[in-house]
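Participant: Quick one, what's the 3D model for this:
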Amino acid sequence: MALNRGTRTEYDPAVYEPLVEVEDHHFWFRARNRVIGALVAQLAARLSPGYRVLEVGCGTGNVLRALTEACPTGTVIGMDLFVDGLRFARARLPNALLVRGDVLHPPFVEQFNIVGMFDVLEHLEDDLGVLRALRRLITDRGRLIMTVPAGHALWSYFDEASRHVRRYEIAELSDKLTRAGFEVEFLSPYMGVLYPVLWLGRRLARGKYQPGGDRELTRRLFDRELRVSPVAGAALGAMLRLERPWLLRRGRLPIGSSLIAIARPIGGGDAG
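Facilitator: Below is the predicted model:
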């Protein structure tokens, strides 16, 4: 998902192809999908058949596939601004409902029971405006579920190559959700084992990388971080599996390289 403002594009379409090549087997994407799928399944279990689910910024359809599996009795729609991403999503999910649209001007009349936005908000300058737009898409008793990268201290070449505007601290995300008209129901770091690994790796890379520096070097470092050996990936994936039962019980983890949040419109009741 991206918005174009002037000459700035908050997402680079060129990143889709390398992402598609790694998403299905990379431990990070697999761990994220397991957590998102399990939490969305919990939310969907409270709803009557025929409920509506929207993923804003569905990109290549990697998370959309997990949402579809988690919501067998609902209608799941993926929306993205970039046709490039939607083409990959169509190849991955031939029967998916896909829409090209801008979250600030969505092509929908009806609202949704569940709206998801996964690692998209950090790309957008006006994150508060986007959260307010998401609020308008959700029924009064619906839920927003979202993930964002965590920790200002982890800012690096990876964020620059990804065209992130920011990483989030817990208090910052909670405040913006509240200001946008949400009540935060659950907010926790996750991907905990990765925080020290990424912190150390990105500190060691500072000898080569300077913020705002050589774009080619930044891209090479980004590509290198996406490549993880099968043994290391399996070990990290196994450790990340331990987080899911805790998160499903709405337990807050002490540390993580990402945040996951569930919020409901202020004044809204139980999901329905």
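Participant: rest of the way, CA atoms for contacts and neighbours
Facilitator: Will do.
Participant: how about the residue nearest the centre of the chain, what does it touch?
Facilitator: Centroid-nearest residue in the chain, with CA atoms, centre = their mean: F118, separated by 1.6 Å. Applying CA atoms under 8 Å, 6 or more residues apart in numbering to F118 gives the contacts 56-57, 63, 146-148.
Participant: Just name the closest of the residues you listed to A96, please.
Facilitator: Taking CA to CA as the measure, V63 is the one of the contacts of F118 closest to A96, at 12.1 Å.
Participant: quick one: pLDDT of the closest one?
Facilitator: Listed pLDDT for V63 reads 97.
Participant: what does D270 give?
Facilitator: Note on D270: pLDDT of 59.
Participant: same check, this time on V120
Facilitator: With respect to pLDDT, V120 has a value of 96.
Participant: wait, it sits on R163?
Facilitator: No. Taking CA atoms under 8 Å as the definition, V120 is not a contact partner of R163, at 10.5 Å.
Participant: out of those two, which sits in the more crowded spot?
Facilitator: V120 (22 against 17; other CA atoms under 10 Å).
Participant: for the biggest strand by length in the chain, packing partners?
Facilitator: Secondary structure of the chain read by DSSP state E shows that its longest strand is strand 138-149. Strand 138-149 is packed against strand 112-118, strand 258-265, with contacts defined by 3 or more CA pairs under 8 Å, 6 or more residues apart in numbering; DSSP states H and E.
Participant: Direction included, what does it pair up with?
Facilitator: If you go by DSSP bridges, strand 138-149 pairs up with strand 112-118 (parallel), strand 258-265 (antiparallel).
Participant: okay if I get those strands as JSON lines plus distance to R136?
Facilitator: Formatted as JSON lines, these follow (distance: least, CA to CA, whole Å):
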{"stretch": "strand 112-118", "distance to R136": "9"}
{"stretch": "strand 258-265", "distance to R136": "9"}
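Participant: Strands along the protein, start to end?
Facilitator: 4-5, 8-9, 52-56, 75-80, 97-100, 112-118, 138-149, 182-190, 258-265.
Participant: Pipe the ones you listed into JSON lines and attach distance to R249 per row.
Facilitator: Output for these, formatted as JSON lines (distance: least, CA to CA, whole Å):
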{"stretch": "strand 4-5", "distance to R249": "39"}
{"stretch": "strand 8-9", "distance to R249": "38"}
{"stretch": "strand 52-56", "distance to R249": "22"}
{"stretch": "strand 75-80", "distance to R249": "25"}
{"stretch": "strand 97-100", "distance to R249": "31"}
{"stretch": "strand 112-118", "distance to R249": "19"}
{"stretch": "strand 138-149", "distance to R249": "15"}
{"stretch": "strand 182-190", "distance to R249": "10"}
{"stretch": "strand 258-265", "distance to R249": "13"}
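Participant: If anything else comes up later, I'll come back, but that's it for now.
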